[in-house]
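Q: Just a sequence and a predicted model for now, questions to come.
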Amino acid sequence: MILTPLYALLVCANVLLIIVICLNRSLYEPMYLFLCSLFVNELYGSTGMFPFLLVQILSDIHALSVAFCFLQIFCLHSYGGIQYLNLAIMCYDRYLAICCPLQYNTRMTFKKIVTLITVIWLYPLLVRVIIICLTSPLQLCGNIIEKVYCDSYSVVKLACSVTKVINIYGLITAFSTIILKVCFSGSKQTRQKAVSICTPHLVSLLNFSFGASFEILQSRFNMSNVPNMLRIFFSIYWVTCQPLFNPSMYGLNMSKMRIICKNLLFAEM
């Protein structure tokens, strides 16, 4: 079964890079600390779905309690919010480094880093608590969700009354604008440097947004004409490919992390 080795690879890749960042004081820089937050979130999001999905496949049990359904909604939705905020803050960090290099150390202090990481995690978690509080009292007229996991809009569609739930995925455009503004402002030399540095963030954001956008379309529109296997693939894409994509991209793209990972893995050989 492909999901088990995939989840194991995902966990190993993210845990390795978290350990590398935490154990090497030379990596105690803003960008690496924000990356560490990103990798922790990817473990959090994938763990919100994969273990129970594997249990369902192995035991052929496709039912879950209402409480667990809302817990899964909280985990997966907060994972998405944290991911977008984390990528946005990383872009802000690169903006300061590129456009304000002389002021970077005074503007990106350790206190500010701690504050930003706190906001990255607390804000989406609080937003999801509110959404759960609004959704959980609804009286449901059905109990079948045609997806491989629970999501808020699928539960709302089962409600007997019409309810609108706040949707924060509109931040995709704002975050994309931030990255593009950084990449294409300033002198020609600055633009070239910005594009080179910001490309991983842009690619990561587009990759994640692609999976999230399909989830929004699948939740809100009839996708019965799309093959079932394709719908399942894209349903788990944003919780699978992003946690696999980011460690390989950032780990291989940043020379410091690449060298430290190589030394750590092959030290005993």
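A: Yes, it's here. Residues are numbered from 1 along each chain as shown.

Q: any idea how far the residue sitting nearest the centre point of the chain is from E42?
A: Computing the C-alpha centroid of the chain and ranking residues by C-alpha atoms, centre = their mean puts Q83 first, at 3.4 Å. The gap separating Q83 from E42 is 8 Å, by C-beta to C-beta, to the nearest Å. Every C-beta, even on glycine, is put in place using the N, C-alpha and C of the backbone.

Q: The helix or strand hosting the residue nearest to the centre of the chain packs against which elements?
A: Q83 is part of helix 66-99 when elements are defined by DSSP states H and E. Contacts defined by 3 or more C-beta pairs under 8 Å, 6 or more residues apart in numbering; DSSP states H and E place helix 66-99 against helix 30-47, helix 104-107, helix 110-135, helix 152-157, helix 171-183, helix 188-220, helix 228-253.

Q: follow-up on the earlier one: give the intersection of the neighbour lists for Q83 and E42.
A: The contact sets of Q83 and E42 overlap at Q242 (C-beta atoms under 8 Å, 6 or more residues apart in numbering).

Q: give the contact list for I145.
A: C69, D151, S154, V155, L158.

Q: Can you check the pLDDT for the fourth one?
A: By that I understand V155. Model confidence at V155, expressed as pLDDT, equals 78.

Q: and if you look at the first one?
A: Looking at C69, its pLDDT stands at 84.

Q: can you check the last one too?
A: At L158, the pLDDT value in this model is 76.

Q: which ones are touching it?
A: L158 touches L140, C141, G142, N143, I144, I145, counting by C-beta under 8 Å, 6+ apart.

Q: Which members of these are the farthest-apart pair?
A: By the measure C-beta to C-beta, C141 and I145 form the most distant pair in the contacts of L158, at 13.0 Å.

Q: so where's this protein uncertain?
A: Residue ranges of the chain with pLDDT under 70: 1, 60-61, 161-199, 219-224, 226, 252-253, 264-269.

Q: same thing but at 50, please
A: 164-174, 176-178, 180, 182, 184 (pLDDT under 50).

Q: closest to I98 out of the helices and strands packed on helix 66-99?
A: The nearest among these, by C-beta to C-beta, is helix 188-220 at 5.1 Å.

Q: ok so, going back, would you check the distance separating the helix holding Q83 from the middle of the chain?
A: 5 Å (C-alpha atoms, centre = their mean, to the nearest Å).

Q: before we move on, what about stretch 9-24?
A: 16 Å.

Q: which residues touch the residue nearest to the centre of the chain?
A: Here Q83 is in contact with L38, N41, E42, G45, F208, Q242 (C-beta under 8 Å, 6+ apart).

Q: redo that, cut-off 7 Å
A: N41, F208 (C-beta atoms under 7 Å, 6 or more residues apart in numbering).

Q: Also L206?
A: With C-beta under 7 Å, 6+ apart, L206 has no contacts at all.

Q: And the contacts of stretch 208-219?
A: Contacts for stretch 208-219 (C-beta under 7 Å, 6+ apart): 80, 83, 151, 153-154, 169, 172, 231, 234-235, 237-238, 241-242.

Q: Report the buried residues of stretch 229-247.
A: 231, 234-247 (16 or more other C-beta atoms under 10 Å).

Q: Kindly reformat the contacts of L158 as TSV containing distance to F52 and secondary structure.
A: Formatted as TSV, the contacts of L158 follow (distance: C-beta to C-beta, whole Å; DSSP: H, G, I helix; E, B strand; the rest coil):
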residue	distance to F52	secondary structure
L140	20	strand
C141	25	coil
G142	21	coil
N143	17	coil
I144	17	coil
I145	13	coil
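
Q: need the residues you listed in a markdown table with distance to V203, can you?
A: Shown next, in a markdown table, are the contacts of L158 (distance: C-beta to C-beta, whole Å):
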| residue | distance to V203 |
| --- | --- |
| L140 | 40 |
| C141 | 42 |
| G142 | 39 |
| N143 | 40 |
| I144 | 37 |
| I145 | 32 |
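
Q: Mind giving me the PyMOL select for the residues you listed, buried ones only?
A: Here is the PyMOL command that picks out the buried ones among the contacts of L158, judged by 16+ other C-beta under 10 Å:
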select buried, resi 145
